[in-house]
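In: Got a predicted model here, sequence first, then my questions.
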Amino acid sequence: MDLSCQNGIRRFFSHYQCDRTSILVAVSGGCDSMALVHVLLEMQHELGIGLVSVAHVNHGLRAQNSDADMEFVQKASQDLRLKCFTTILVPPADRAHGIEEWARKERYTFLMKCKKEYGFSAIATAHSENDMAETVLMRILRGSSIVGASGIVPVREDGVIRPLIYVSRSVIQSYVSAKNLPFCTDASNTDLAYNRNWLRHEVFPLLNTRYSSALKQCAQFGHCCADATQIIDISLDTWEKEFLKEVSLQEFSIDQAGLLNGALARYAVSRIFRLKETPLDYAHVELILASRLKFGKTFLLPGWWRLYPTRLGLRFVLEVP
């Protein structure tokens, strides 16, 4: 088996149909994203890729280092004769709570803005097989269902694609080394206070001492869960037409009859909240299903959703804090 970046990219584009007319590559300046932009350019003709451009977000979280990374990406883009779109963010004053989520949301907001304004057909991010495995294990440990355990979606409906999702970080590093590609190193990636870093530097190396293919198997399990989720979604589409009533963006209800099949209702509730950008863990989904006969009581859920069990079903109302 040829474990190359190029074959991983070929596998991705043969498995997933996506528009390759013009691709905006999200480049942090790190090893993975630098490899991605170079391998896409290297295979541009073979894969039928049209325009390739670069986008970089300076999150402003590491002072001069953030500025240096941005300048590095701008210079690298110039050397490759690629257009580079950049933005500089102002971090929130309180960095102790949800700073990673803030950075992620702001990053994708900028990428989507560029996609819309300049007409890119896809946004490519450098998520690798390692990222997939780490995400799958992290979500399992948090109590996710099959849906959450699907990990990183290789091709999203909004045009975000992950061409390196079948390529391990070691293979990416080998590619970068062979090509002698420069890249930036983010010191925060070694900070074990972050769960992902702890899994990456402590847990997976330990697992690999007993199970040499632990990382690959976790990533593969994520893909299997994604396939199962697609099958489940077909049943959920029918379920929602029959039992879900959307009153407004701030209110919806589920008929009691739709809660009788606990297994299907469990996945339905999970999908409803996920689409409302408030993913629930297993415990909250179970709380919702267990409340269906607790008339007169109310429950506050994540995202400021208030649950009202009634004899007709479950009513959910978004409360503005």
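Out: Structure received. Residues are numbered from 1 along each chain as shown.
In: could you pull out the strands for the stretch 101-250 of the chain?
Out: In the stretch 101-250 of the chain, the segments counted as strands under DSSP state E, counting those that start in this stretch are 122-124, 160-161, 244-248.
In: I'd like the ones you listed laid out as CSV, including mean neighbour count, distance to residue 176 and mean pLDDT.
Out: (C-beta placed from N, C-alpha, C; glycine too.) CSV is the format used below for the strands of the stretch 101-250 of the chain (neighbours: other Cβ atoms under 10 Å; distance: least, Cβ to Cβ, whole Å; pLDDT from 0 to 100):
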stretch, mean neighbour count, distance to residue 176, mean pLDDT
strand 122-124, 23, 17, 97
strand 160-161, 22, 21, 96
strand 244-248, 12, 48, 95
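In: which stretch among the ones you listed comes nearest residue 16?
Out: Taking Cβ to Cβ, strand 160-161 is the member of the strands of the stretch 101-250 of the chain nearest to residue 16, at 7.3 Å.
In: ok now the closest one, how far from the chain's centre?
Out: Relative to its chain's centre, strand 160-161 lies at 10 Å (Cα atoms, centre = their mean, to the nearest Å).
In: Packing partners of it?
Out: Contacting strand 160-161 under the criterion 3 or more Cβ pairs under 8 Å, 6 or more residues apart in numbering; DSSP states H and E are the following elements: strand 122-124.
In: Can you list the strands that the strand it packs on pairs with?
Out: Applying DSSP bridges to the sheet, strand 122-124 is found paired with strand 22-26 (parallel), strand 160-161 (parallel).
In: Quick check: which ranges of the stretch 101-250 of the chain have low pLDDT?
Out: Screening the stretch 101-250 of the chain residue by residue with the criterion pLDDT under 70, one finds no matching range.
In: so what's the residue nearest the centre of the chain up against?
Out: Closest residue to the average C-alpha location of the chain: residue 152 at 4.6 Å, with Cα atoms, centre = their mean. Residues near residue 152 by Cβ atoms under 8 Å, 6 or more residues apart in numbering: 127, 131, 132, 135, 162, 165, 222.
In: would you list the strands of the stretch 101-250 of the chain in JSON lines and tack on distance to residue 46?
Out: JSON lines is the format used below for the strands of the stretch 101-250 of the chain (distance: least, Cβ to Cβ, whole Å):
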{"stretch": "strand 122-124", "distance to residue 46": "16"}
{"stretch": "strand 160-161", "distance to residue 46": "17"}
{"stretch": "strand 244-248", "distance to residue 46": "45"}
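In: Tell me which of the ones you listed lies nearest to residue 66.
Out: The closest of the strands of the stretch 101-250 of the chain to residue 66 is strand 122-124. By Cβ to Cβ, the value is 21.0 Å.
In: Would you pull up how far the closest one lies from the middle of the chain?
Out: Taking Cα atoms, centre = their mean, the mean C-alpha location of strand 122-124 is offset from the chain mean by 13 Å.
In: So what touches that strand?
Out: Contact with strand 122-124 is made by 18-20, 22-26, 36, 40, 55, 111-112, 114-115, 159-163, as judged by Cβ under 8 Å, 6+ apart.
In: what does stretch 219-234 give?
Out: Applying Cβ under 8 Å, 6+ apart, the contact partners of stretch 219-234 are 129-130, 132-133, 135-136, 146-147, 149-154, 267, 271.
In: Count the residues that sit near residue 204.
Out: Counted with other Cβ atoms under 10 Å, the burial measure for residue 204 works out to 18 neighbours.
In: doesn't residue 138 make contact with it?
Out: No: at 11.1 Å, residue 204 does not count as touching residue 138 under the criterion of Cβ atoms under 8 Å.
In: element containing residue 300, please.
Out: Here residue 300 sits within strand 299-301, counting by DSSP states H and E.
In: ok, that strand: who's next to it in the sheet?
Out: Sheet neighbours of strand 299-301, with direction, are listed as strand 305-309 (antiparallel) (DSSP bridges).
In: how far off strand 305-309 does whatever helix or strand comes next after the strand it pairs with point, in degrees?
Out: Sequence-wise, the next helix or strand downstream of strand 305-309 (DSSP H and E) is strand 313-318. With axes from the mean of the first three to the mean of the last three Cα atoms, to 10 degrees applied, the angle from strand 313-318 to strand 305-309 works out at 160 degrees.
In: centre of the chain versus strand 313-318, how much separation?
Out: Taking the mean C-alpha point of strand 313-318 and that of its whole chain, the gap between them comes to 28 Å (Cα atoms, centre = their mean).
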